[in-house]
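Trainee: Got a predicted model here, sequence first, then my questions.
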Amino acid sequence: MRGKKGTRIVIKDVHNREIGRYMEGKFDTLAISGKALYSSIDASLQEYGELLMRGKKGAVVAIDPSTGEILCLVSSPSYDPNLLVGGKERSKNYAKLGAETITRPLFNRALTAMYPPGSTFKLIDALIAQHDGLIDRSTRFPCQNGYPLGGGKPKCHSHGGGADLTRSVATSCNSYYSFVFRAIVDQKKYPNFIDGYNHWRDLVKTFGPGTSLGSDLPFDKPGNVPSVNYYNKIFGKGHWRSNTVVSLGIGQSELLLVPLQMANVVAIIANRGFYYIPHCIQGIGKEKELDKKFKEKHFAVVQKEHYYLNVIDGMEETMQPGGTAPGAKIKGIRMCGKTGTAQNPHGNDHAVFQAFAPREQPKIAIACIVENAGTGGSFAAPIVSLMIEKYLTGKITRTAYEKNVLKVNLIDGKKLVAQKN
């Protein structure tokens, strides 16, 4: 486009290719500035998250629970967006990126990858069971390094056994949540088993899993909370019971969530029972106008005190000695978290961690999944812990802790390899 004299406006497509003038210039005019668009993405946190996830496959999503604004949305491995600008070079680079079948950089894991949530899902089961009046803070269930009634399956790690509700969260007892799942589904008030199962499924969906959240981002996948019809096809109608699918209680089987949903679940807990639809557009124009649907509260069907008195206490104890992620504790910040180890039929387990901080008046709710990294406390918890510290304080004090995350490459799926830069 030239200056005011002899102004000529050229139309270009989304790939920056010139396609000529519309109607031979009949409607040419000077460009008019549109409304300003404000993003909620915190550039510093986004950049830091991408740095920590370098050499790793997975995703990190952080939300401001008080607004639903998305603070960062990291999908790793990623790519340089400059590679997809222009004509011939763009096509060539797109083909190369698409051919990367191991790293799949064009695949947005934060929004479209569906993972078993692993033990992080126990938080939802604990809340539902309290809502139904089935357990309270003092409720205990036996654990013999596994679920006794299932012959020791699902397996569990050694943690002393027989934990109460708060300790079951902190120690992530698999046996405890096998019992909890069956208690919810097998309630006597439901004459048919499938009615109890549908009750559990309906309450799970109030936390977001199994539904599209309706964010302002594309490819908002719903994840999966398996239906009765699905299991009828797998096992046959009338040929499955709660014990058949008991691993749902620990976030396994066909249960799948996308990382955006994982972050939203922990935002609900941070808010003690509600969420705003996650969105990355903070506002439009001088008035920062925002679609009213992003200002509406959506409630999970659980009473507020169940969050505060029991589950959140357990999440804070997770960061203490005897919990599953004591190394992720941040001095001076009361962080509440939950580890998860998501079994993966295609390789090593995925590491999952969800957290929010500070405990009172939370400013950030965050979820991280690192593929094939093992337990949630291995890499997912350190990444989340560092990002929370960075966001809340503006600096990193645990440089050695940070270095341990930065120095490894997990993409080969076999061994840790020191990065060159």
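Mentor: Done, it's in. Numbering: from 1, shown residues only.
Trainee: quick one: contacts of the lowest-mean-pLDDT helix or strand in the chain?
Mentor: Sorted by mean pLDDT, DSSP states H and E, the helices and strands of the chain end with helix 304-306, the least confident at a mean of 71. Where contact means CB atoms under 8 Å, 6 or more residues apart in numbering, the residues beyond helix 304-306 that reach it are Leu127, Gln130, His131, Arg272, Gly273. C-betas here are computed from N, CA, C, even on glycine.
Trainee: mind checking the SS state of the fourth one?
Mentor: Here Arg272 takes the coil state, with states given by DSSP: H, G, I helix; E, B strand; the rest coil.
Trainee: how close does it sit to Thr341?
Mentor: Arg272 is 27 Å from Thr341, where distance means CB to CB, to the nearest Å.
Trainee: which one of those two has more residues nearby?
Mentor: Neighbour totals were compared for Arg272 and Thr341, and Thr341 leads with 27 against 18 (other CB atoms under 10 Å).
Trainee: mind listing the helices for the stretch 201-350 of the chain?
Mentor: Taking DSSP state H, counting those that start in this stretch, the helices of the stretch 201-350 of the chain run over residues 228-235, 259-270, 304-306, 312-317.
Trainee: right, so of those helices, which gets closest to Asp164?
Mentor: Taking CB to CB as the measure, those were each checked against Asp164, and helix 312-317 came out nearest at 9.3 Å.
Trainee: returning to that earlier point: which of the helices of the stretch 201-350 of the chain has the lowest mean pLDDT?
Mentor: Set side by side, these give their lowest mean pLDDT on helix 304-306, at a mean of 71.
Trainee: one step back: got TSV for the helices of the stretch 201-350 of the chain, with mean neighbour count and distance to Lys155 too?
Mentor: Shown next, in TSV, are those (neighbours: other CB atoms under 10 Å; distance: least, CB to CB, whole Å):
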stretch	mean neighbour count	distance to Lys155
helix 228-235	13	22
helix 259-270	28	23
helix 304-306	15	28
helix 312-317	22	21
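Trainee: Of all those, which one is nearest Gly327?
Mentor: Across the helices of the stretch 201-350 of the chain, the minimum distance to Gly327, taken as CB to CB, is reached by helix 312-317, at 14.3 Å.
Trainee: and the closest one, C-alpha only, in PDB?
Mentor: Output in PDB follows, covering the C-alpha atoms of helix 312-317 (Å, rounded to 0.1, in the frame of the first residue of the first chain):
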ATOM      1  CA  ILE A 312      -7.800 -29.100  50.000                       C
ATOM      2  CA  ASP A 313      -6.200 -30.100  53.300                       C
ATOM      3  CA  GLY A 314      -5.100 -33.300  51.600                       C
ATOM      4  CA  MET A 315      -3.700 -31.400  48.600                       C
ATOM      5  CA  GLU A 316      -1.700 -29.200  50.900                       C
ATOM      6  CA  GLU A 317      -0.400 -32.200  52.800                       C
END
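Trainee: what's next to it, contact-wise?
Mentor: Counting by CB under 8 Å, 6+ apart, the neighbours of helix 312-317 from elsewhere in the structure are 123, 126, 165-170, 269, 272, 323, 334-338, 355, 359.
Trainee: about what we covered before: select from the contacts of helix 304-306 the one having the most neighbours.
Mentor: With neighbours set by other CB under 10 Å, the maximum within those is found at Leu127, which has 25 neighbours.
Trainee: residues contacting that one?
Mentor: With contacts defined as CB under 8 Å, 6+ apart, the neighbours of Leu127 are Ile269, Ala300, Val302, His306, Tyr307, Val311.
Trainee: I figured Ile70 hits Gln282, correct?
Mentor: No - Ile70 is not in contact with Gln282 according to CB atoms under 8 Å; the separation is 9.5 Å.
Trainee: Mutual contacts of those two, please.
Mentor: Among the neighbours of Ile70, those also in contact with Gln282 (CB under 8 Å, 6+ apart) are Ser40.
Trainee: Neighbour count for these two, which is higher?
Mentor: Set side by side, Ile70 and Gln282 give different neighbour counts by other CB under 10 Å, the larger being at Ile70 (27 against 17).
Trainee: Not counting residues beside it along the chain, what's closest to that one?
Mentor: Cys280 (4.4 Å; CB to CB, 6 or more residues apart in numbering).
Trainee: give the contact list for the one you found.
Mentor: Ser39, Ser40, Ile41, Glu69, Ile70, Leu73, Ser215, Asp216, Leu217.
Trainee: can you give me the strands for the stretch 1-150 of the chain?
Mentor: When secondary structure is read from DSSP state E, counting those that start in this stretch, the stretch 1-150 of the chain shows strands at 11-12, 18-20, 37-39, 58-64, 69-76.
Trainee: just the stretch 201-350 of the chain next, same as before
Mentor: Chain-ordered strands for the stretch 201-350 of the chain, with DSSP E, counting those that start in this stretch as the definition, fall at 274-275, 281-284, 298-299, 336-342, 350-357.
Trainee: check contacts around Ser175.
Mentor: Taking CB under 8 Å, 6+ apart as the definition, contacts of Ser175 comprise Phe141, Pro142, Cys143, Gln144, Gly146, Tyr147, Pro148, Pro154, Cys156, Gly161.
Trainee: Swap in 10 Å and give it another go.
Mentor: The contact partners of Ser175, by CB atoms under 10 Å, 6 or more residues apart in numbering, come to 141-150, 152-156, 159, 161-163, 168, 249-250.
Trainee: Mind checking which of the residues you listed are buried?
Mentor: Taking 16 or more other CB atoms under 10 Å as the criterion, what is buried in the contacts of Ser175 is 141, 143, 146-148, 150, 154, 156, 159, 161, 163, 168, 249-250.
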